[in-house]
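[1] Show me how the following folds:
(4 chains)
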Protein chains: 2
Amino acid sequence: MAATLHDVARVAGVSFKTVSNVINNHPHVRPVTRSKVEAAIAELGYRPNLAARSLRSGHTGAITLAVPQLKLPYFAELADAVIAAAEARGLVVLIEQTGGNRERELEVLSSPRLQMSDGLLFSPLGLGEEDAALVKSEVPMVLLGERIFSGDCDHVTMQNVAAARAATDHLLDLGRNRIAVVGAHDGEVIGSAGLRLRGYREALAARGIAYDDSIVAYMWSWHRSNGAAAMRELLARGVTFDAVFGMNDTLAQGAMRVLQQAGYRVPEDVAVIGFDDLDETRYSLPTLSTVDPGRVEIAETAIRVLLERIMHPDGSAPQEIETTFKVVARESTLGQATVPAHPPSGS
Amino acid sequence: MAATLHDVARVAGVSFKTVSNVINNHPHVRPVTRSKVEAAIAELGYRPNLAARSLRSGHTGAITLAVPQLKLPYFAELADAVIAAAEARGLVVLIEQTGGNRERELEVLSSPRLQMSDGLLFSPLGLGEEDAALVKSEVPMVLLGERIFSGDCDHVTMQNVAAARAATDHLLDLGRNRIAVVGAHDGEVIGSAGLRLRGYREALAARGIAYDDSIVAYMWSWHRSNGAAAMRELLARGVTFDAVFGMNDTLAQGAMRVLQQAGYRVPEDVAVIGFDDLDETRYSLPTLSTVDPGRVEIAETAIRVLLERIMHPDGSAPQEIETTFKVVARESTLGQATVPAHPPSGS
DNA sequence: CTCCTATATTACAACGTTGTATCAGGGATT
DNA sequence: AATCCCTGATACAACGTTGTAATATAGGAG
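    Numbering: from 1, shown residues only, chains lettered A, B, ... in the order given. This next block holds a predicted model:
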């Protein structure tokens, strides 16, 4: 079927090893021979067999990305960034979905399918600190995100605390000092919610503003409707606030939505900021201010670290890398481009 | 490093081929031998080398999914469904992003990386009918979505016309007969927008309602903000309508948002329906009625057809398969669970 | 007790590639 | 002019698996 080195060699009139040498840019090949071989390759449309190459070399040219679900916008955008970064280095990405489920996450770690790739980018959700010892894989691995800290494994993550603090500072700088929080996790310390809440509290503390638990909404799910429900609850509670910090963009959008429906103007009455810089924040009404946690940098860094680890399996000690973040100020806090609502015109 | 058949054979005290026979469930293996071998496999933690297996067998156990961008929610959810369906058959999915760009799409078709998989699920966006002849790949391929019709290649798609017609019928059944459209593509015939508009027109025609171009908003981009802008434009135009059909969910949400901001109640004043059944439609305010185009079925069918094609490369003639769809009626048309807005409580 | 068949195991080759070792030729050095 | 070294090409083996063909063992019939 497909042409092999031998076929090319026959056509070019050289040994099949010479063809291999041409392909791998070995030094000692005469220009004449090289062009003869190249002509034969073109003529036959020869493509090196990747399975054979991989058997011989021990490398596949692929990496695995394991995430909870692509359905969740954050992970879809993370996967997008990872694929783009991998593509830039000539790598293919193979995706596993764990559903954020502890069992499936452990299963992925020991799956024979991991062999199809040279390494694993693993974004666990169901595993807890107590599972740290189980987080071992037969291929080099880089962890993405929070939750698992101990364990001798490279780790790339966002600066949750500092970024949340910057988001809060952004609101404080605008003169808001009653900042509600939507999406806290009760009692959590090391998860995204716990860290972000900590950043929020640090920002308040730095300006001598007391933390007020009555304007913090707790919940365990981060869907848009949860943000909406939380905001309804806050409004019903009768507490006052002039800004909202959503633990992620989806929550912020749900909250913003309810605020507007209740007659508040965003940002004039209440400023809103989210977290994640999802693509959709660029298209909401008003566009949503948020924090870009450095998703692209996470992807690129993770791949760089993974490749290093693949090339030097027992090189340096495991690294702990935090990416740079950026507050992205849009209309929901700055209010630059508010679109006037047209009056109803009958139905 | 990793154990091989030979290592297992040495431990079990049999020939390495016998070990292979055990693994591949060959008939003539004595139970005693089998258990000896299995013990050795367990002891060494033996895992078959996939590269070698793939070199020998010619199969990889992976398929490639090529989509424009995972950032776009529709494709993220499609990928989610494809990965789940592949997983159920023991296949791994390898994802390529084309950016919806014609050049990149052609590049993917001839990429050597395709070799890492047994087949391709291809969802083109940039390619036009005139490129049909170029749509050939070295591995079996199944096309997903519209745009390319000719070409002798299996094709799985949704029933755009019938589904759009059903969505429109749903609105008509509710007594709405001034149904605005958001997201038409001017002059398009075979794309999603063209087909869905056709379904809309068929539904009107069937009830003897005249098509009114003044309540159809044209645009080439399908972001939320486009839906919002279109709705502002419709309102400004002063035309009347009692329902909106968004060509996709994102547009519908943008439109719904502007409607509400302008003081209309959804669905009391204006009912809204979208298309795609994105996960987020379950969490919007109100939850969005939409059409489930059978994404899960598309994924499962595409994989089934692809596997058939992989096993019998020149089997039957190329198939053209359309999945079943379902109108998903939620609050934006039925209004069952409208949440009362709480009155503002100062800031 | 021998022959034959069915069963169980083995030996060998092949998939297509690349690394190592080997070998032929030509120019520079002695 | 003979030796040496470097260039350029080749032969061989190996990566780990599976299919095919061959062989060894056991059980039943003649």
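[2] Helices of the stretch 1-150 of chain A, start to end?
    According to DSSP state H, counting those that start in this stretch, the stretch 1-150 of chain A carries its helices in the segments A:5-12, A:16-23, A:31-44, A:50-57, A:73-88, A:102-109.
[3] Mean pLDDT added to the ones you listed, as TSV?
    Supplementary listing: the helices of the stretch 1-150 of chain A in TSV, determined by pLDDT from 0 to 100:
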stretch	mean pLDDT
helix A:5-12	88
helix A:16-23	86
helix A:31-44	87
helix A:50-57	93
helix A:73-88	97
helix A:102-109	94
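[4] Figure out which of the ones you listed is closest to residue B:309.
    For residue B:309, the closest of the helices of the stretch 1-150 of chain A is helix A:50-57, at 19.8 Å, according to Cβ to Cβ. Any C-beta I mention is one placed from the backbone N, CA and C, and that applies to glycine too.
[5] Just the buried residues of the closest one, please?
    Of the residues in helix A:50-57, A:50-55 count as buried by neighbour count, 16 or more other Cβ atoms under 10 Å in any protein chain shown.
[6] Pull the most distant pair out of those residues.
    By the measure Cβ to Cβ, A:50 and A:55 form the most distant pair in the buried residues of helix A:50-57, at 9.5 Å.
[7] ok, so of the buried residues of helix A:50-57, who is nearest residue A:64?
    residue A:54 (14.6 Å).
[8] wait, what's in contact with the closest one?
    The contact partners of residue A:54, taken as Cβ atoms under 8 Å, 6 or more residues apart in numbering or on different chains, are A:60-61, B:51.
[9] how about 7 Å then?
    Under the criterion of Cβ atoms under 7 Å, 6 or more residues apart in numbering or on different chains, the neighbours of residue A:54 are A:60, B:51.
[10] quick one: it from residue B:200, how far?
    Taken as Cβ to Cβ, to the nearest Å, the spacing of residue A:54 relative to residue B:200 amounts to 51 Å.
[11] repeat for residue A:65
    For residue A:65 relative to residue B:200 (Cβ to Cβ), the value is 39 Å.
[12] ok, now residue A:50?
    According to Cβ to Cβ, residue A:50 and residue B:200 sit 47 Å apart.
[13] all strands in chain A, in order from the N-terminus.
    Secondary structure of chain A (DSSP state E): strands at A:62-67, A:92-97, A:120-122, A:141-144, A:154-157, A:179-184, A:216-218, A:243-246, A:271-273, A:290-292, A:320-322, A:326-328.
[14] what's the offset of the fifth one from the middle of its chain?
    Counting by Cα atoms, centre = their mean, to the nearest Å, strand A:154-157 is centred 12 Å from the centre of its parent chain.
[15] Can you name the residues that contact the residue nearest to the spatial centre of chain A?
    Compute the mean C-alpha point of chain A, and by Cα atoms, centre = their mean the closest residue is residue A:78, 3.2 Å away. By Cβ under 7 Å, 6+ apart, the contact set of residue A:78 is A:67, A:295, A:299.
[16] Make a markdown table out of those and add distance to residue A:24.
    Compiled in a markdown table, those are given as follows (distance: Cβ to Cβ, whole Å):
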| residue | distance to residue A:24 |
| --- | --- |
| A:67 | 35 |
| A:295 | 36 |
| A:299 | 30 |
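[17] picking that back up, and the buried residues of helix A:50-57 near DNA strand D, which?
    Intersecting those with the contacts of DNA strand D gives A:52, A:55 (criterion: Cβ under 7 Å from any atom of the strand).
[18] now, which of the buried residues of helix A:50-57 sits nearest DNA strand C?
    Each of the buried residues of helix A:50-57 was scored against DNA strand C by Cβ to the nearest atom of the strand, and residue A:52 proved nearest at 3.4 Å.
[19] Excluding sequence neighbours, find me the nearest residue to the closest one.
    Counting by Cβ to Cβ, 6 or more residues apart in numbering or on different chains, the nearest residue to residue A:52 once its immediate chain neighbours are dropped is residue B:55, at 5.1 Å.
[20] Enumerate every residue touching the residue of the stretch 51-200 of chain A found nearest DNA strand D.
    Nearest residue of the stretch 51-200 of chain A to DNA strand D (Cβ to the nearest atom of the strand) works out as residue A:56 at 3.8 Å. Residue A:56 makes contact with no residue, according to Cβ under 7 Å, 6+ apart.
[21] For the stretch 1-150 of chain A, what lies in contact range of chain B?
    Residues of the stretch 1-150 of chain A found near chain B, taking Cβ under 7 Å from any Cβ of the partner chain as the criterion, are A:47, A:50-52, A:54-55, A:60, A:62, A:69-71, A:73, A:76-77, A:79-80, A:83-84, A:92-95, A:97, A:112-113, A:115-116.
[22] are any of those residues buried, and which?
    Buried positions within these, assessed by neighbour count (16+ other Cβ under 10 Å), are A:47, A:50-52, A:54-55, A:60, A:62, A:69-71, A:73, A:76-77, A:79-80, A:83-84, A:92-95, A:97, A:113, A:115-116.
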